[in-house]
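**Student:** based on what follows, work out the 3D shape:
(chains A and B)
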Amino acid sequence: MSVIDIKGLHKSFGDMHVLKGIDLTVEPGEVVVIIGPSGSGKSTLLRCINFLEFPDEGEIHVNGELIDPKKTNLDKVRQHMGMVFQQFQLFPHKNVLHNITIAPIEVKGLPHKKANAIARDLLEKVGLPDREKAWPSELSGGQKQRVAIARALAMDPDIMLFDEVTSALDPELVNEVLQVMQELAAGGMTMVVVTHEMGFAREMADRVVMMADGMIVEQGTPEQMFDGPQEERTQTFLGQVL
Amino acid sequence: MTILNVVKEHFWGFLAATGMTLQLTAVSLVLAVVIGLLFAFLKLSKNRAANIFADAYIGLTRGMPLIVQLMFLYFGISSILVLSPFWAGSLALAFHAGGYVAEILRGAIQNTDSGQTEAARSLGMSRFKAMRLIVLPQAFRRAIPPLGNQFIIGLKDSTLVAYLGVPELFSKAMTAAAANYQPFETYLVAGTYYLVLVMIFTWMVNKLEKRLTPHRQEATL
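**Tutor:** Predicted coordinates:
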């Protein structure tokens, strides 16, 4: 059963028709990387998957269940989806440990002890075992983003959504974040990644999806997409970024 | 030195009356924050009727002189509901300050990055939990300087309750000045009490702001 199954998804903001009929499935353990020019609707698509934006038209199935944003308990749906944002969005009034434990404690009702253990384990994983008492403002961008990944993972999600998570980082900090994502992917996590990092797409993607003007132009394995793209839009785009 | 005589004669009496002033201020400001928060939410609500209701309240409290609201609440309401001068005064002060507090809190909530709410919701938090655990703590911290300002105004506004017969500091000063025929000295002494109160209060607000600002955190980045 697909983790995500999207059919005929449309989304507009006012007069702007941002998504014009998207069909996309994501299988368990799959790493899907979405590429494409700015304004092509990549981020909107990602935000529709966890219903931060409500689709205007179309169906989204999560783990086989059709989600109706008006009827389904979206809090429950989102508990099983981690999301990492371009601007980190750590909670500035909580230290690193509390940033990670707040959702497991408040949403899942885990005891503090258990949540702390999970958080420490994850901090170890993202390479920040000694920063649990730090405030977000004391961290570098790369460290913030790694904490944000740990925070999402603490809910033990079925799928992780990454929304241009390295775009706000200084170039020398990009790799430490990509490395964490690579380890996650290698560990079998289902991931949908919107990125401009073509190196990551080529190395880690099971499938690369090219979007332009609110539509999926082409998709395939990294080899198919990078070595022999069929569509002109893909060729032009890759010509510009590679 | 007549002023020393005034001090000698009224030091303890004024201090006791200061206690009443502080009670009035504390009760009215706590209520004002509760009222203010309620109306901030009504104003932020997507419900049109709630917006209009909140606008009407804020417009009324900000649009009429406090002394008029005090008289109205004390003499107007007490014809239906019997209120002691203290409670009539506290409620009127709270009702008045609540409009200002509502606008302060609404602004602070609105200025919290919407990305913070999204991050909270993406972790599975309900709208209510995201507000309580993520947005409000940040909004309150940001609102401390304007709230502190409003509280200082509230403290000084409490003088008007003297006209309802509450034995607070200013009413004691009026009585003393009428008895000793030394209004200049008497009001100077009473004014100094208020000045010291405001200074202590300002110091406390600054302390609180520092305490709630771990490492001068910036909002989101």
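**Student:** let's verify the closest residue to A:Asp23 other than its chain neighbours: helix, strand, or coil?
**Tutor:** In this structure, A:Asp23 finds its nearest non-sequential neighbour in A:Lys7, 5.6 Å apart by Cβ to Cβ, 6 or more residues apart in numbering or on different chains. Placement of C-beta: from N, CA and C, glycine included. Using DSSP: H, G, I helix; E, B strand; the rest coil, the structure places A:Lys7 in strand.
**Student:** okay, now A:Lys7: neighbour count?
**Tutor:** Neighbours of A:Lys7 under the rule other Cβ atoms under 10 Å in any protein chain shown: 15.
**Student:** what's near enough to touch it?
**Tutor:** A:23, A:58-61 (Cβ atoms under 8 Å, 6 or more residues apart in numbering or on different chains).
**Student:** give me that answer again for 6 Å
**Tutor:** A:Lys7 makes contact with A:23, A:58-59, according to Cβ atoms under 6 Å, 6 or more residues apart in numbering or on different chains.
**Student:** likewise A:Glu53?
**Tutor:** Going by Cβ under 6 Å, 6+ apart, A:Glu53 touches A:Arg47.
**Student:** pull up the gap between it and chain B, please.
**Tutor:** 10 Å (Cβ to the nearest Cβ, to the nearest Å).
**Student:** one more: A:Met225?
**Tutor:** A:Met225 sits 28 Å away from chain B, going by Cβ to the nearest Cβ.
**Student:** not including adjacent chain positions, what is the nearest residue to that residue?
**Tutor:** A:Met225's closest residue in space is A:Val208 (Cβ to Cβ, 6+ apart), at 4.2 Å.
**Student:** who does that neighbour bridge with?
**Tutor:** A:Val33, A:Gly220 (DSSP bridges).
**Student:** circling back to that earlier point, just the buried ones from the contacts of A:Lys7?
**Tutor:** Neighbour-count burial (16 or more other Cβ atoms under 10 Å in any protein chain shown) applied to those gives A:Gly58.
**Student:** relative to B:Tyr57, which of the contacts of A:Lys7 is nearest.
**Tutor:** A:Gly58 (42.6 Å; Cβ to Cβ).
**Student:** could you confirm that closest one falls within a strand?
**Tutor:** Yes - assessed with three-state DSSP, A:Gly58 lies in a strand.
**Student:** residue 174: helix or strand, and which one exactly?
**Tutor:** No chain was given, so I picked chain A. helix A:171-186 (DSSP states H and E).
**Student:** wrong one, I was asking about chain B
**Tutor:** Going by DSSP H and E, B:Met174 is part of helix B:169-180.
**Student:** swap in A:Ile22?
**Tutor:** A:Ile22 is part of strand A:16-26, with elements assigned from DSSP H and E.
**Student:** could you pull out the buried residues of the helix holding B:Met174?
**Tutor:** Of the residues in helix B:169-180, B:169-177 count as buried by neighbour count, 16+ other Cβ under 10 Å.
**Student:** identify the farthest-apart pair in the residues you listed.
**Tutor:** Among the buried residues of helix B:169-180, the pair separated by the greatest distance (Cβ to Cβ) is B:Leu169 and B:Ala177, at 12.4 Å.
**Student:** now do the helix holding B:Met174, average pLDDT.
**Tutor:** Mean pLDDT, helix B:169-180: 91.
**Student:** do the same with stretch B:33-49
**Tutor:** For stretch B:33-49, the mean pLDDT works out to 96.
**Student:** likewise stretch A:184-204?
**Tutor:** 94.
**Student:** what residues does chain A put near chain B?
**Tutor:** Listed as neighbours of chain B in chain A under the rule Cβ under 6 Å from any Cβ of the partner chain: A:50, A:52, A:75, A:78-79, A:83, A:87, A:89, A:91-93, A:103, A:106-107, A:135, A:137-138.
**Student:** which ones are touching residue 24?
**Tutor:** Assuming you mean chain A. Residues near A:Leu24 by Cβ under 6 Å, 6+ apart: A:Ile6.
**Student:** was after chain B, sorry
**Tutor:** In this structure, B:Leu24 makes contact with B:89-90, B:158, B:161, B:168, judged by Cβ under 6 Å, 6+ apart.
**Student:** now A:Asp75
**Tutor:** A:Asp75 is in contact with B:124, B:126, counting by Cβ under 6 Å, 6+ apart.
**Student:** for the helix or strand where it lies, buried residues please.
**Tutor:** If you go by DSSP H and E, A:Asp75 is part of helix A:74-79. Using 16+ other Cβ under 10 Å as the test for burial, helix A:74-79 gives A:74-75, A:77-79.
**Student:** again with stretch A:4-11
**Tutor:** Within stretch A:4-11, the residues scored as buried using 16+ other Cβ under 10 Å are A:4-6, A:9-11.
**Student:** with only the CA atoms kept, save stretch B:17-30 in CSV.
**Tutor:** Written as CSV, here are the backbone C-alpha positions of stretch B:17-30 (Å, rounded to 0.1, in the frame of the first residue of the first chain):
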residue,chain,number,x,y,z
ALA,B,17,-3.6,53.8,51.4
THR,B,18,-0.8,52.7,49.0
GLY,B,19,-1.8,49.1,49.9
MET,B,20,-5.3,49.8,48.7
THR,B,21,-3.9,51.4,45.5
LEU,B,22,-1.9,48.3,44.9
GLN,B,23,-4.8,46.0,45.5
LEU,B,24,-6.9,48.0,43.1
THR,B,25,-4.2,48.0,40.5
ALA,B,26,-3.4,44.3,40.9
VAL,B,27,-7.0,43.1,40.7
SER,B,28,-7.9,45.4,37.8
LEU,B,29,-4.8,44.5,35.8
VAL,B,30,-5.2,40.8,36.2
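**Student:** and it, how far from the chain's centre?
**Tutor:** Here stretch B:17-30 shows a centroid-to-chain-centroid distance of 10 Å under the convention Cα atoms, centre = their mean, to the nearest Å.
**Student:** coming back round to it: now do the helix or strand just after the helix holding A:Asp75: which elements does it pack against?
**Tutor:** Scanning forward in sequence from helix A:74-79 by DSSP H and E, the next helix or strand is strand A:81-84. Applying 3 or more Cβ pairs under 6 Å, 6 or more residues apart in numbering or on different chains; DSSP states H and E, one finds that strand A:81-84 contacts helix A:141-153, strand A:159-163.
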